[in-house]
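Student: Make a model of this:
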Amino acid sequence: MLDFLNRIFGRESASSKNVAKERLRLVLVHDRANVSPELLTSLKNDLIKVISNYLDIDEKSLEVTLDSNDNQVALVANIPVKRVKRTKSLA
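Tutor: Below is the predicted model:
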């Protein structure tokens with residue numbers, strides 16, 4: 001799946017075979033979890049908004065994926081943090 005995400009976000013070029021394989025894997029995971037790519041994109045945008053209230057993050061390197069293992073689906077977020085924002089009060 002990483003090859004697919006790298007291709008989407010322009011980090012590396014991948015062979016057509018690997019792109020097709022990752023695309024199919026992503027479609028299968030989304031289908032099993034009943035989550036559309038649009039919903040995953042919306043979720044990613046909402047995560048960015050909320051987390052940005054507390055942390056400076058590298059949005060370009062942020063990765064949000066669904067990962068499937070047997071009968072379980074997990075939401076996996078890799079969020080590079082630049083720095084913690086200091087606030088007077090979190091409450």
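Student: What helices and strands are in contact with the strand or helix carrying D67?
Tutor: Assigned by DSSP states H and E, D67 belongs to strand 63-69. Packing partners of strand 63-69 (3 or more CB pairs under 8 Å, 6 or more residues apart in numbering; DSSP states H and E): helix 16-33, helix 37-51, strand 72-78. Where you see a C-beta, it was placed from the backbone N, CA and C, and this is true even at glycine.
Student: got any ranges where the chain has weak pLDDT?
Tutor: Applying pLDDT under 70 to the chain flags residues 1-14, 26-33, 88-91.
Student: Pull the number of nearby residues for P80.
Tutor: 13 (other CB atoms under 10 Å).
Student: That one contacts L55, doesn't it?
Tutor: No - using CB atoms under 8 Å, P80 makes no contact with L55, being 9.8 Å away.
Student: can you list the helices and strands packed on strand 63-69 in JSON lines and add mean neighbour count?
Tutor: As requested, the helices and strands packed on strand 63-69 are exported to JSON lines (neighbours: other CB atoms under 10 Å):
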{"stretch": "helix 16-33", "mean neighbour count": "14"}
{"stretch": "helix 37-51", "mean neighbour count": "13"}
{"stretch": "strand 72-78", "mean neighbour count": "12"}
